[in-house]
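Engineer: here is a sequence with its predicted model. Questions after.
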Amino acid sequence: MDLYELMKNRRSARAFLGQNIPEPMIEKLLEVANTAPSGGNIQPLSIILVRSQEGREKLAKLAGGQPWVKNAPLSMIFCIDFYRIKKWAEMCQTDFRGQQALNHFLIAYADLMAAAQNVVILAESFGLGSVYIGSIQHEIDETRRYFELPEYVLPMMVLCLGYPKSIPRTIPKLKKEAIVHQEKYRILEDDEIRKTFDDKYGKIDEDMEKYLERAFIEALEADKQEESKFVERVKKEMKRLDIQNNAQFLFKVRYPTKVMVRMNQRIKESIKNAGFEII
Ligand SMILES: Cc1cc2nc3c(=O)[nH]c(=O)nc-3n(C[C@H](O)[C@H](O)[C@H](O)COP(=O)(O)O)c2cc1C
C-alpha cells in the first residue's frame, strides 16, 4: 500500500491481539519519534515505555478504565520534559526556564505530537494498530507519582500499540472542504455548517448501535472487551437528556461542557504541581 493510502485508511485500533511487538520494531518506532521535527531542535521530550502487566493495569486505571490501554502490549507515555534541559543549562551556567515560558510549553506540546504521530504512521506501515489516549491529562499527578517523573516533566499523551484484532471502518470525517480555506478564512453559512456536521455523523437513527459505531466507537469497544454496560449507560443518558441531534450528543453526553470546563482547575493544579508556572 502506498503512503497516501496507508495514511488515508488509518483508523484508531482499540482491539489488540496478545502478541508482543518485536524488539527491533519498537527500536525503529522510537528512532522515528526521536528524529521527528522539534522546535529549535531542543527535543523537550521523554517517552516512557509501558509493557509490564502491572504498568498496563495502572495506566488503564489512570486513563479512566479504558480496556484497550490494559490490553495493548505496549504503551508509550509521551511527556514534555524540561527537567533534562534545565539541568544541562544549569551545568552550563545558563538559565533555561521552559516551565515559565508559554512559548516553550506550546512548542514542546507540538514537538511531542509530531514525534507521536511519526510513531503512529510507521507503526501502521508495520501492520500495527495504535490509539492515542488523551484522558491521561486528567490524572497527571498520579501518573507522575507512579512512573516517577521528576519536576518539570509532564505526561501529556499516551499511545497504545499492538497487532490489531479489528479496526473500525465506520469512523466518519468532515468533508475536507469544510476545513480547508484558500488564502483567507471563509466563513461558512449556518446551513452549510449544519449540513457539514449532518453529513459527517448522519442521523441519530433507530439503530443506536449503528449510530454509536460512528459517533462513540469507544462505548461499543468497551462493552466488547469488558463487562462495562457502557452502551446501556449512554443510551439511558441520551434518553434522560432528550438528545435530539449530534451536537447535543457530543456536548451533553460525550463531553459535557460543564464537566470539561470544571476540569480546568484540576489540570492547572497538576501543571503547577510539576513545577510549571505558565498558568
Ligand atoms: C489528542 C487525542 C486524544 C485521544 N484520546 C483518546 C482516548 O482517550 N481514548 C480513545 O479511545 N481514543 C482517543 N483518541 C482517538 C480518537 O478517538 C480518534 O482519533 C477519533 O475517534 C477519530 O478516529 P480515527 O483515529 O480512527 O480516525 C484520541 C485522539 C487524539 C488525537
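Structural biologist: In hand now; what should we look at?
Engineer: in what helix or strand does the nearest residue to residue 69 once chain neighbours are set aside lie?
Structural biologist: What sits nearest to residue 69 in space, not counting adjacent residues and going by C-beta to C-beta, 6 or more residues apart in numbering, is residue 60, at 3.9 Å. Where you see a C-beta, it was placed from the backbone N, CA and C, and this is true even at glycine. Per DSSP states H and E, residue 60 falls inside helix 53-62.
Engineer: buried set for that helix?
Structural biologist: 55-56, 58-60, 62 (16 or more other C-beta atoms under 10 Å).
Engineer: ok, now stretch 73-90?
Structural biologist: Across stretch 73-90, burial judged by 16+ other C-beta under 10 Å covers 73-83, 85-86.
Engineer: list just the nearest of these to residue 269.
Structural biologist: residue 80 (16.6 Å; C-beta to C-beta).
Engineer: bridging residues for that closest one?
Structural biologist: residue 45, residue 154 (DSSP bridges).
Engineer: begin at 664, not 1, for the rest of this chat.
Structural biologist: Done: numbering now begins at 664, and the last item shifts to residue 743.
Engineer: surely it meets residue 769?
Structural biologist: No. Residue 743 is not in contact with residue 769 according to C-beta atoms under 8 Å; the separation is 10.1 Å.
Engineer: can you list the residues of the stretch 814-942 of the chain near the ligand?
Structural biologist: Contacts of the stretch 814-942 of the chain with the ligand, taken as C-beta under 6 Å from any ligand atom, map to 834, 881.
Engineer: circling back to that earlier point, is it true that the residue nearest to residue 732 touches residue 735?
Structural biologist: No. Using C-beta under 8 Å, residue 723 is not in contact with residue 735, being 9.1 Å away.
Engineer: contacts only, for the residue in the stretch 714-863 of the chain that the ligand sits nearest to.
Structural biologist: Closest approach between the stretch 714-863 of the chain and the ligand, counting by C-beta to the nearest ligand atom: residue 797, at 2.9 Å. By C-beta atoms under 8 Å, 6 or more residues apart in numbering, the residues touching residue 797 are 820-821.
Engineer: mind redoing it with 7 Å?
Structural biologist: Counting by C-beta atoms under 7 Å, 6 or more residues apart in numbering, residue 797 makes contact with residue 820.
Engineer: quick one: it from residue 821, how far?
Structural biologist: Counting by C-beta to C-beta, to the nearest Å, the gap from residue 797 to residue 821 is 8 Å.
Engineer: gap between the residue of the stretch 714-863 of the chain closest to the ligand and residue 809?
Structural biologist: Distance from residue 797 to residue 809, by C-beta to C-beta: 18 Å.
Engineer: how about residue 890?
Structural biologist: According to C-beta to C-beta, residue 890 and residue 809 sit 26 Å apart.
Engineer: so the two - more neighbours on which side?
Structural biologist: More crowded of residue 890 and residue 809, by other C-beta atoms under 10 Å: residue 809, with 16 against 7.
Engineer: the residue lying farthest from the centre of the chain is in what secondary structure piece?
Structural biologist: Distance from the C-alpha centroid of the chain peaks at residue 756, with 37.1 Å (C-alpha atoms, centre = their mean). Per DSSP H and E: residue 756 is located in neither a helix nor a strand.
Engineer: for residue 782, same thing?
Structural biologist: Short version, using DSSP H and E: residue 782 is in helix 765-788.
Engineer: residue 821 now?
Structural biologist: Counting by DSSP H and E, residue 821 is part of strand 816-825.
Engineer: quick check: next helix or strand after that strand?
Structural biologist: Downstream of strand 816-825, the next assigned helix or strand under DSSP H and E is strand 827-829.
Engineer: how far is the following helix or strand past that following strand from where the chain is centred?
Structural biologist: Following strand 827-829 in sequence order, the next helix or strand is helix 853-864 (DSSP H and E). Mean C-alpha position of helix 853-864 versus that of the full chain (C-alpha atoms, centre = their mean, to the nearest Å) differs by 25 Å.
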